[in-house]
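fold the following, please.
(chains A and B)
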2 protein chains.
Amino acid sequence: MSAASLTELMGIDLPVIQAPMAGVQGSALAIAVSEAGGLGSLPAAMLGDDALRKELAAIRAATSRPFNVNFFAHQPPVPDAARDAGWRQALRPYYAEFGANEADIPQGPGRRPFSAEVAEVIEAFRPPVISFHFGLPDEALLARVRSWGAKVLSSATTVAEARWLADRGVDAIIAQGLEAGGHRGLFLSDDVGTQVGLFALLPQIVREVRVPVIAAGGIADVQGVAAAQALGAAGVQVGTAYLLCPESTTSALHRAALRSEGAAETALTNVFSGRPARGIVNRAMRELGPISAVAPAFPLATAAIAPLRAKAEAAGSSDFSPLWSGQNASGCREVPAARLTRDLAAGWVASPASAGS
Amino acid sequence: MSAASLTELMGIDLPVIQAPMAGVQGSALAIAVSEAGGLGSLPAAMLGDDALRKELAAIRAATSRPFNVNFFAHQPPVPDAARDAGWRQALRPYYAEFGANEADIPQGPGRRPFSAEVAEVIEAFRPPVISFHFGLPDEALLARVRSWGAKVLSSATTVAEARWLADRGVDAIIAQGLEAGGHRGLFLSDDVGTQVGLFALLPQIVREVRVPVIAAGGIADVQGVAAAQALGAAGVQVGTAYLLCPESTTSALHRAALRSEGAAETALTNVFSGRPARGIVNRAMRELGPISAVAPAFPLATAAIAPLRAKAEAAGSSDFSPLWSGQNASGCREVPAARLTRDLAAGWVASPASAGS
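Numbering: from 1, shown residues only, chains lettered A, B, ... in the order given. Here you go, the predicted structure:
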């Protein structure tokens, strides 16, 4: 499947998708990338209805180009008071150390899965592309999204997940290599031992499915884009490299971590949310995990970490902040997102094969 | 660093190294690959002095081309009777099931690190290339190997390991992506969570060191070779794809596993040796690991598994056999190794840059 087919499918000029990254970007980054000819993405999982409407209105006001809105498709967890208490107990020494107060633990899950209510909110804005993480919502919700012509994407972390998504009719599949930052999209297994490096994952998914396959994980520069193309990708999704762009809302602490030597050391951790996600190793990951057996189910682990994160950040420390990053932060540059998008796209070789179909 | 410099450095025609794979190949595969213009490798860690001499003599008799001999550079473990007893206890239900006898557990470690004694054995054959796994032997041993002009290679699984190897003057570094089959070369940490996918590892090592970098892990076909080149590799090391070649001694059970759907599911396991190695998931890995906390230190875990493996294999089962494989077995083909070598090399684009220096 060629790049031409992906750009045609999405109505974009460049085969570069900016990865949705909840917590470190909003509409500004998405707008910049879409205006540059790539596909900008708005991460929506942590937005309430009003915030979501506001962000979508901002995008619609700023660009007539296609854009992507990303949602999580997880099963909401069953609250488990005992597990929650165990997690609070594990964190109690840190509460004491920072003078944090358990009364400050926020209520509610913090992240919500895609739902009929959310579909209602976004329908007025008719987002041209919707991407899901952790599988897909049910058939009725998918049909609703398609009713306004949206193209549907989702991430596969194994060949089996790619086959599952293809069987359900997604328009394109993101092959998320183990290298990728943030939450792993895995959904058919919760065993991180199943996760595959992009060099092995991408060509096997390309061989398995007939839809365009988008390469994600560890791609940071023109060489990475060229390598993904060589392995059969129809385009790339890049996240980490955008984290230093001025349009990102990456915190100063997170930016400093990305620029540091420590960025070479990442791990998969569940201590910030309850699901495995890749970030730069910090104190919380080292002392509580990186994979904790007592962290509550996704996304319930987040709440009890929040007061610690707030206290530590107020003291200038990122010890309890999720410092999401892929395994290759070497492409992070403090340049406008439009320029980064065009620079990445320059790695794509317009071959007769990719121009032809 | 270009491919020309690697082929010049090694005196080979094609920038393809056949990965040394102890237990599934001997001199025949190495000879076939070297004769085809690549660099064939003899895995020596499981060979006694006589067997090693015999294999080296066979290579010297069959080819005048350069070849590689591979050794492990681990610290010999301190025997730990309590741990060994714990491991035997964990295996006892399987001994009962298979009617195996603990008296049949072989003595000795089974694998030995490179040593002055081994150097004595190989010196007469003056192997042109020596590669090490798990770091490097001490300075005196390295000097001895260099005394007959051998080039020295070793594997890095992180950027820090690559820097460590470069500081010690290796001639080239193998960037072993997480995708690779068999033993992980990690040696500065024993935490498999540090392991990096090739897409992220390769370009960062290329940027870090001045010696040629050889890409390994998940490379199975011309597309993989082209992608490695795009990411800055000076050549590739390929293992899994050779496992079905007639010159390999891969068992019928192992071959069947590689051809099966199950080959898509690999994991890192320490149950077969005590160190993490990637293989196709089977019963021993599933029930005892894949990472067991009670497995003895490398290579002592192997001995107590051996009688179970023998009994199971005699009954036509690979439930207790190490089914080493990388995450991309899709390149395994039942073709002569010379042809596979040439086919892989066809993926290498002779660019002005790579031809020039």
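
spell out which parts of chain A neighbour chain B.
Residues of chain A found near chain B (Cβ under 8 Å from any Cβ of the partner chain) are A:158-160, A:177-179, A:193-194, A:196-201, A:203-204, A:207, A:217-221, A:223-224, A:226-228, A:230-232, A:264-265, A:267-268, A:290, A:326-328, A:330. Where you see a C-beta, it was placed from the backbone N, CA and C, and this is true even at glycine.

now with 6 Å?
A:159, A:177-179, A:193, A:196-200, A:203-204, A:218, A:223, A:226-227, A:230-231, A:264, A:267, A:327-328, A:330 (Cβ under 6 Å from any Cβ of the partner chain).

give me the low-pLDDT residue ranges for chain A?
A:1-4, A:351-357 (pLDDT under 70).

can you give me the helices in it?
A:3-10, A:27-35, A:49-62, A:81-98, A:116-123, A:139-147, A:159-167, A:198-208, A:222-230, A:252-259, A:283-288, A:301-314, A:337-345, A:352-356 (DSSP state H).

how about the residue lying closest to A:F187 once chain neighbours are set aside, phi and psi?
Spatial nearest neighbour of A:F187, chain neighbours left out: A:G135 (3.8 Å); criterion: Cβ to Cβ, 6 or more residues apart in numbering or on different chains. Here is the backbone geometry of A:G135 (degrees, to the nearest 10): phi 100, psi -140.

A:G135: neighbouring residues, count only.
21 (other Cβ atoms under 10 Å in any protein chain shown).

so how far is chain B from it?
19 Å (Cβ to the nearest Cβ, to the nearest Å).

my read: that residue touches A:F72, true?
No. A:G135 lies out of contact with A:F72 (Cβ atoms under 6 Å); the separation is 9.3 Å.

report the buried members of the residues of chain A next to chain B.
By neighbour count, with 16 or more other Cβ atoms under 10 Å in any protein chain shown, the residues of chain A next to chain B hold A:159, A:177-179, A:193, A:196-200, A:203-204, A:218, A:223, A:226-227, A:230-231, A:264, A:267, A:327-328, A:330 as buried.

what residues does A:G149 make contact with?
Residues near A:G149 by Cβ atoms under 6 Å, 6 or more residues apart in numbering or on different chains: none.

relative to A:E123, how far out is it?
Computed with Cβ to Cβ, to the nearest Å, the distance linking A:G149 and A:E123 is 11 Å.

try A:P77
27 Å.

cool, and A:M46?
A:M46 is 20 Å from A:E123, by Cβ to Cβ.

could you do A:I12 as well?
A:I12 sits 22 Å away from A:E123, going by Cβ to Cβ.

looking at the two, which one has more neighbours?
Taking other Cβ under 10 Å, A:I12 and A:E123 do not tie; A:I12 has more neighbours (25 against 14).

doesn't A:L39 make contact with the more buried one?
Yes. At 5.1 Å, A:I12 counts as touching A:L39 under the criterion of Cβ under 6 Å.

A:P79: neighbouring residues, count only.
Burial of A:P79 is recorded as 11 neighbouring residues (other Cβ under 10 Å).

ok, residues contacting stretch A:161-171?
Outside stretch A:161-171, the residues touching it (Cβ under 6 Å, 6+ apart) are A:L136, A:K151, A:V152, A:S154, A:A156, A:I173, A:L188, A:I205, A:E208, A:V209.

which of those sits closest to chain B?
Using Cβ to the nearest Cβ, A:E208 comes nearest to chain B of the contacts of stretch A:161-171, at 9.6 Å.

contact partners for the closest one?
Contacts of A:E208 (Cβ under 6 Å, 6+ apart): A:V159, A:A162, A:R163.

A:A337 now?
A:L29, A:A32, A:V33, A:Y242, A:C245, A:E247.

among these, which one is most surrounded by other residues?
Going by other Cβ under 10 Å, A:V33 tops the contacts of A:A337 with 31 neighbours.

my read: that one touches A:G40, true?
Yes. In this structure, A:V33 is within contact of A:G40 by Cβ under 6 Å, at 3.6 Å.

quickly list what's touching both of those two.
Shared between the contact lists of A:V33 and A:G40 (criterion: Cβ under 6 Å, 6+ apart) are residues A:Q18.

quick one: which of the contacts of stretch A:161-171 is nearest to B:P128?
Minimum distance to B:P128 across those is 39.3 Å, recorded for A:I205 (Cβ to Cβ).

for the closest one, grab the count of nearby residues.
Neighbours of A:I205 using other Cβ under 10 Å come to 31.

now do A:A350
9.

same thing with A:G110?
Neighbour number of A:G110 under other Cβ under 10 Å is 15.

which non-adjacent residue is nearest it?
Spatially, and ignoring its direct neighbours in sequence, A:G110 is nearest to A:T302 (5.0 Å; Cβ to Cβ, 6+ apart).

with A:D84 instead?
Counting by Cβ to Cβ, 6+ apart, the residue nearest A:D84 is A:P296, at 5.5 Å.

quick one: end-to-end length of stretch A:284-293, please.
Stretch A:284-293 has its terminal residues 14 Å apart, counting by Cα to Cα, to the nearest Å.

same check, this time on stretch A:7-20
Start and end residues of stretch A:7-20 are separated by 18 Å (Cα to Cα).

ok, A:S273 to B:Q89 distance?
For A:S273 relative to B:Q89 (Cβ to Cβ), the value is 38 Å.

who's more crowded, these two?
A:S273 (24 against 11).

isn't that one right up against A:L300?
No. In this structure, A:S273 is not within contact of A:L300 by Cβ under 6 Å, at 8.4 Å.

just give me the neighbour total for the residue nearest to A:K311 when sequence neighbours are not counted.
Excluding the flanking residues, the one nearest A:K311 by Cβ to Cβ, 6+ apart is A:F98, at 4.0 Å. Residues lying near A:F98 (other Cβ under 10 Å) number 19.

same check, this time on A:A346
Quick note: A:A346 (other Cβ under 10 Å) scores 13 neighbours.

and for the nearest residue to it once chain neighbours are set aside, the neighbour number?
Distances taken as Cβ to Cβ, 6+ apart put A:V222 closest to A:A346, at 5.5 Å, once the chain neighbours are dropped. Counted with other Cβ under 10 Å, the neighbours of A:V222 add up to 17.

now swap in A:A57 and tell me
13.

follow-up on the earlier one: the residue nearest to A:G110: neighbour count?
A:T302: 22 neighbours (other Cβ under 10 Å).

tell me how far it lies from A:L14.
Taking Cβ to Cβ, one finds A:T302 at 34 Å from A:L14.

cool, and A:W348?
8 Å.

quick check: beta-bridge partners of A:A277?
In this entry, A:A277 is beta-bridged to A:H183, A:T269, by DSSP bridges.

neighbours of it, how many?
Here the number of neighbours of A:A277 (other Cβ under 10 Å) works out to 21.

so it sits against A:H183, correct?
Yes. Using Cβ under 6 Å as the test, A:A277 is close enough to A:H183 to be in contact (4.2 Å).

brilliant, that's me finished.
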